Structure formats: structure tokens, C-alpha cells
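[1] Need the 3D shape of this:
(one chain, ligands or ions: 1)
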Amino acid sequence: MMPSARKLNAVIKGAGGDLSLIDILGRFMPAERRAQILARTEIIRAHAEGQLQEFENWKVLQVNVKAEWITAGDNRVCPQCADLEGSIFTIEVARGMIPLHAQCRCAWIPFNVDA
Ligand SMILES: [Zn+2]
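    As a prediction, the model looks like this:
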């Protein structure tokens, strides 16, 4: 387990009780697994928002880019994310779009609007 998931697991399993659950398919999901999913998803969110902020910062250098959606590109990409692959958004619109769902592995790449 990654360190951030271990810390989250400690919180989830804390004094308030175990936050394990049964998912919509009837599968038991231990608190540790929930913590892992939460940590992975939030790291993707932080990474995506950091990318967008960097694209925004480039405006100071007269580098104007939009944000292009990329997926992990493998056979585990969900249909919703696959549909968005290659879509281009203004940075303002792009904010908050990734992750699209829990365990989303998508990211932004810069799309040069001046090219
Ligand atoms: Zn995705």
C-alpha cells in the first residue's frame, strides 16, 4: 500500500469505526481498499489541477495553450474517458474535469493554440 493510502486507512479505520462497505455489485470492500482508491483518485486530481495551473502560468511567457484530454491509452480506459480522449478545452473549462470518476487515470497535455 502506498504511504498516503496507509495514512488514509488509519483515518478511515479510526475511532469512528470501520468504513468498509458493500459496493453496488454486492462485493465487500475493506476500508483499506477504499483508502487506496481515495488516495489514487485524489493524486490524479492534484496532478491534473497542477498541470492546468502550469499551463495558466505560461501565459506570463506569452505561451498560450489549451488543455487536451489524454487517457492512459490501454484496454482499461472506460468508455466515458475514451470518448474524451483528444478533446480540447480552455483551461477555465478544464478545471475540475479530471478525475472523471474514481480511479480515473486521465491527464492533461498542453495544446498550443498559436501553432
Ligand atoms: Zn479517465
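
[2] beta partners of W69?
    Taking DSSP bridges as the rule, W69 bridges to W108.

[3] Can you give me the neighbour number for it?
    22 (other CB atoms under 10 Å). C-beta coordinates here come from the backbone N, C-alpha and C atoms, glycine included.

[4] Correct me if wrong: it contacts L84.
    Yes - contact status for W69 versus L84: in contact at 4.6 Å, counting by CB atoms under 8 Å.

[5] For those two, list the residues in contact with both.
    By CB atoms under 8 Å, 6 or more residues apart in numbering, W69 and L84 have these common neighbours: C106.

[6] Lowest average confidence across helices and strands of the chain, where is it?
    helix 3-12 (a mean of 71; mean pLDDT, DSSP states H and E).

[7] Quick one: name whatever helix or strand follows that helix.
    Remark: after helix 3-12, the chain's next helix or strand is strand 21-22, criterion DSSP states H and E.
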